[in-house]
Every structure is written in structure tokens, then in C-alpha cells.
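Engineer: Give the three-dimensional model of this entry:
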Amino acid sequence: MLSLAFLIYALSFSSAARGAAPTPPKSDFEGTCKRIAATISHASEVFFPPSTEYTVDNTHAFSSNSAASACSVEPGSTRDIGTILRIIGSTRTPFAVKSGGHASNPGFSSTTGIQISMARFRNITINSNAGTVEVGPGLTWDELYTALDSTGIIVIGGRNPGVGVAGLLLGAGYSYKSSQFGLGIDNIVAIEVVLPNGTLTTVTSEDEDLWFALRGGMNNFGIVTKFTLKSFPQGQVWAGTLVYGPDQLDAFNQAFSKIAQNNDTKVALVGELAYASGAVSPAVIVFYDAPTPPAGLFDDLLAIPTVSNNVSTRSFADFVLSTSSINPPPSLRGLYSGIPVIQYTHAILDALENQTLFWGNKLTPLDANVSVNAGLEPFSSGLFSHGSGSAFPPDRSHALLPGLFEYVWSSASFDKTMAHSLRESTDAVRAAALAEGQNVSDAAPYINYALFDTPVELLYGENLPRLRAIKKEVDPEDVMGLAGGFKV
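Structural biologist: Below you'll find the predicted structure:
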């Protein structure tokens, strides 16, 4: 689905970032596929084009992060994953691992080599006595929430429908309940992982180095086959989406910045500034973790006239599913760029508005399907205080709020233009934050929002030397370096 020019660009970047040994020519990839097919058990399968399974396994949230792999593999056992990794390592064949396929960066969960889909790892096991839920990485968060909907419990996980369990957690993971309980990684009890040498192990807090590395270390240390997560009681929530016209932008900015500063950890907001027809329109997902919020808490937002309003008291799963329309169709191309800030002040909201308007005006004449959006995601100041040291965030002394720009378009000929524009808009907002005294010069963007060329030195800071030492010990042959992503 990628144009040749963009595919060459993406692969050349990935190879430079990985520093991996030379890979075999693409003509040899099919031979690796056949070797895997001849070696794995009947629990697993290898698929080739044009099968339906192959197509599904290679489909991602954006067409710009979908590639025509030589084959796709759906492992059905941990033993087979070990076999697959050993074959991939011995043949030096590029590969990718897909959970939900929601990453926007080219080559991060897609490949022209071996596409591994975790679709068969969909177990959900509730342990009421231990207060945990065992979860397979082939699930998406909305699927998991739906399965838990009648149980009266919940786990700390993703917000958007379609986001995979593994990708979110390996990148740290923000939740609607993160102000109360921390990041997704702060609520993991154990991680079952197949290491790069093909051996299976379960990692807990007693395994100091791998416990540190896997929580936020992305796909650098093996393939995760199960997460054991803390569970929490869950009743109905008061939540939904408010959409406003462009004439309400000033009122929205005032109300949003006010509510974003509140100290009630049961509150969650996801704001959006969306460009359309020469103007910026605001919207916000509001969430309160109870059937009814305290009187007056959301009055400023509710008082603004809306284009649509579906806020109600409902189940957690029903609420999350109600936001599915925020995902663009997978036929379009897209990228994210993370915007770390410490506080959503009026100056930051003005900068986000100005960049959305400027780049919307500049880019929409190029492509009929261009959309330029800014995401605003406030959390409590104690966000990072709920967990122990982990690969990400590199600094837990104060909260960083994980906003982003999302650009969507249709023509591959504008890929480089869109990436450049994202860098420019992100830099402008960071400059606005610095100008008002927010110390974000070296602030790490949320890894799952970071643009593909973000330096790993920025993402991991002082944690990087330790991560590299762990990587060298766990993966001396750099098998995981054959996969794309942010490589330590």
C-alpha cells in the first residue's frame, strides 16, 4: 500500500535507526516464511497473499503504516513464538509484531519481511482472589472492556477503540483513570514474554532489570504473550463527547483550561482542536468516574452551546465504544507528533489553535482528505507518582501531559511534507511552553505519540544507558533490532 519512494524512505530510516546487520534480499523472505510454516505446530499458521487472514494481519490504523509483508504468521502458542524468533534471528529476516496496529509510524508494527500477528493471544482470565486479570496481547482495549463490562471490575488501559493491549502498555499507557491510578505500566503485576533467544519467562518486580525495561521499553526485549494486570471495582461513569462550532472556541479555551486545573482525580478530559473550512472547531471527551459528577464541576463546558452532546451515565465499555468515530478510516495516511507540556494554560491553548489554523490553511489545498487536529490531554500533577522506576517516563518527579498533533491525508506524495509540518507545529508549541516558563526543553513526548525520527535520547533520557546494557545482555544477537520502532 506504500508508494515505492516512501517505502524506500521508511526502510532506509529504519535500518539506520536499528544499526542491524545486513538483511537478506526480499526474495529470500518467502523462504523464511516457508521454513517457519514447516516448523511451527498446528496451533499456528502462516498466510500468504491474497488470503483474507494475510490482508487482516497486514492492515493497520493508517495505510502509511501498512506494508506488503512476504507473509503473515499467527502464532498460537508461546513455544511457536520461540521457534519463530529463532528462525528470524538465524536468517536475519526483518519482522514486525502487531497487537492492534494503531501505531502511526511507518515500519513500527509493519514490515516487508515477516508480519507476526498476535491475534490468537486473546485470553482473559479473572482471578478474583488475587485482584488481577490476565490479558492476551491480541486484544484491543475496547474488546477487553466489553468482556469485563458485566463483571464489576476494570483494568487501567487505553482510551481509543482499536488500540492494542500490547502496544499501549509497552509504551507506558495513559488511561481515563490515570490521575487516580497512574499509567498502564504502573498497574502491571507480571509480564509473560518470549525473549529474543526463544525462551519463555515471566517477569515481575523481583526481576529488577527486565521489569524496568519492559515497562515503557517498547519492542526491544522480546515478544510479550500475556500481561497480568491489577483490577479495580468499576461502576457506571458519567461521560461522553461535546462538540462545538468554531464560534465557541474562545469560550471553550476558557472553560477547558479552568477544568484542566482541578484537583479531582476522577476527572479526565480529552480535548480536540480540529481544522475545517478555514476555522478551528473544538470538542472534548469528558469523563467522571462515578454516575454523577460533583455539582458545578463541568458547568463551564456544559454551558457552551454544542453541535452535539452525548454525555450520559453509562457503563465504562459503552462510553469507550461511543468514541469510535474519532478514528479515521484505515485507507488514509497519518502521523502523530507528541507535545509534552506541564500545564494547559491560555498561552498553550492559543499556540495549539494558531498552529492548527496555520497548517490547516496551508495543507488542505494540497490534498482533499487532509485533516489537522490537536489533542489536549490534561491529568493530575501526581500522574507519575503511582509507580516505580521504569524505562518511560525517564523522569517521574513531575507530570508531563501527553498532547499531540495528528495529521491525516490520502496521497503518499505528501508524506515528507506532512512529517515536516508536524515537526514545525510541535516545535512551535514547545517554544510557547518554554516562553512562559514551562521546563520542557528536554521533555520526553509520550512514546506512543512520538514522531518516527524522535531521538531515543530524548525519549529515555538518563535511562538510556541502562536500557542499552539490559538489551545487550538479553539480546546479544540483536534479534529485536530486526523489527522497526525506537531502538535502544
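
Engineer: Would you map the strands across the stretch 151-300 of the chain?
Structural biologist: Taking DSSP state E, counting those that start in this stretch as the criterion, the stretch 151-300 of the chain carries its strands at 153-154, 188-194, 200-203, 223-230, 232-233, 237-243, 267-276, 279-288.

Engineer: Format the CA atom coordinates belonging to the fourth one as CSV.
Structural biologist: Listed next in CSV are the C-alpha coordinates belonging to strand 223-230 (Å, rounded to 0.1, in the frame of the first residue of the first chain):
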residue,chain,number,x,y,z
ILE,A,223,7.5,-10.6,22.3
VAL,A,224,5.0,-10.3,25.2
THR,A,225,2.5,-13.1,25.3
LYS,A,226,0.5,-12.2,28.5
PHE,A,227,0.0,-9.3,30.9
THR,A,228,-1.3,-9.8,34.4
LEU,A,229,-3.0,-6.5,35.4
LYS,A,230,-4.4,-5.2,38.7
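
Engineer: now for it, which elements pack on it?
Structural biologist: Packing partners of strand 223-230 (3 or more Cβ pairs under 8 Å, 6 or more residues apart in numbering; DSSP states H and E): helix 78-91, strand 132-135, helix 165-170, strand 188-194. C-beta coordinates here come from the backbone N, C-alpha and C atoms, glycine included.

Engineer: that older thread, quick one: which of the strands of the stretch 151-300 of the chain is nearest residue 383?
Structural biologist: With Cβ to Cβ, the closest approach to residue 383 among these belongs to strand 267-276: 11.2 Å.

Engineer: Can I get the strands of the stretch 151-300 of the chain in a markdown table including distance to residue 361, mean neighbour count and mean pLDDT?
Structural biologist: Converted to a markdown table, the strands of the stretch 151-300 of the chain look like this (distance: least, Cβ to Cβ, whole Å; neighbours: other Cβ atoms under 10 Å; pLDDT from 0 to 100):
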| stretch | distance to residue 361 | mean neighbour count | mean pLDDT |
| --- | --- | --- | --- |
| strand 153-154 | 42 | 22 | 98 |
| strand 188-194 | 44 | 22 | 98 |
| strand 200-203 | 49 | 16 | 98 |
| strand 223-230 | 43 | 22 | 98 |
| strand 232-233 | 45 | 12 | 98 |
| strand 237-243 | 21 | 22 | 97 |
| strand 267-276 | 8 | 22 | 96 |
| strand 279-288 | 10 | 21 | 97 |
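
Engineer: related to what we said a few turns ago, of all the helices and strands packed on strand 223-230, which lies closest to residue 212?
Structural biologist: Closest approach to residue 212 among these (Cβ to Cβ): strand 188-194, 11.5 Å.

Engineer: Run me through the strand neighbours of the closest one, direction for each.
Structural biologist: Paired neighbours of strand 188-194 in the sheet (DSSP bridges): strand 200-203 (antiparallel), strand 223-230 (antiparallel).

Engineer: Mind putting those strands into CSV with distance to residue 414?
Structural biologist: Output for the strands paired with strand 188-194, formatted as CSV (distance: least, Cβ to Cβ, whole Å):
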stretch, distance to residue 414
strand 200-203, 42
strand 223-230, 34
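
Engineer: Next SSE downstream of the helix or strand of the chain with the lowest mean pLDDT?
Structural biologist: When each helix and strand of the chain is scored by mean pLDDT, DSSP states H and E, helix 4-18 comes last, with a mean of 32. Using DSSP states H and E, the helix or strand that follows helix 4-18 towards the C-terminus is helix 29-39.

Engineer: what's that following helix packed up against?
Structural biologist: Checking 3+ Cβ pairs under 8 Å, 6+ apart, helix 29-39 ends up next to strand 45-47, strand 71-74, helix 78-91, strand 114-117.

Engineer: Adjacent strands (with direction) for the first one?
Structural biologist: So that's strand 45-47. strand 71-74 (antiparallel).

Engineer: What are the contacting residues of the strand it pairs with?
Structural biologist: Contact partners of strand 71-74, identified using Cβ atoms under 8 Å, 6 or more residues apart in numbering, comprise 29-30, 33, 36-37, 40, 44-48, 53-54, 57-58, 84, 114-117, 119-120.

Engineer: now do stretch 383-401
Structural biologist: With Cβ under 8 Å, 6+ apart as the criterion, stretch 383-401 contacts 171-172, 178-179, 181-183, 185-187, 205, 212-217, 340-344, 377-382, 440, 443-444, 446-447, 459-463, 467.

Engineer: Now, of those, which are buried?
Structural biologist: By neighbour count, with 16 or more other Cβ atoms under 10 Å, the contacts of stretch 383-401 hold 171-172, 178-179, 181-183, 185-187, 212-217, 340-344, 377-380, 440, 443-444, 446-447, 459-460, 463, 467 as buried.

Engineer: Mind checking which of those are in helices?
Structural biologist: 178-179, 181, 212-214, 459-460, 467 (DSSP state H).

Engineer: Quick check: the farthest pair among those residues?
Structural biologist: It's 179 and 467 that sit farthest apart of these, by Cβ to Cβ, at 27.2 Å.

Engineer: Turn the strands of the stretch 151-300 of the chain into JSON lines, columns for distance to residue 313.
Structural biologist: JSON lines is the format used below for the strands of the stretch 151-300 of the chain (distance: least, Cβ to Cβ, whole Å):
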{"stretch": "strand 153-154", "distance to residue 313": "16"}
{"stretch": "strand 188-194", "distance to residue 313": "30"}
{"stretch": "strand 200-203", "distance to residue 313": "39"}
{"stretch": "strand 223-230", "distance to residue 313": "25"}
{"stretch": "strand 232-233", "distance to residue 313": "17"}
{"stretch": "strand 237-243", "distance to residue 313": "5"}
{"stretch": "strand 267-276", "distance to residue 313": "15"}
{"stretch": "strand 279-288", "distance to residue 313": "9"}
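
Engineer: Just give me the neighbour total for residue 152.
Structural biologist: Neighbourhood size, residue 152 [other Cβ atoms under 10 Å]: 11.
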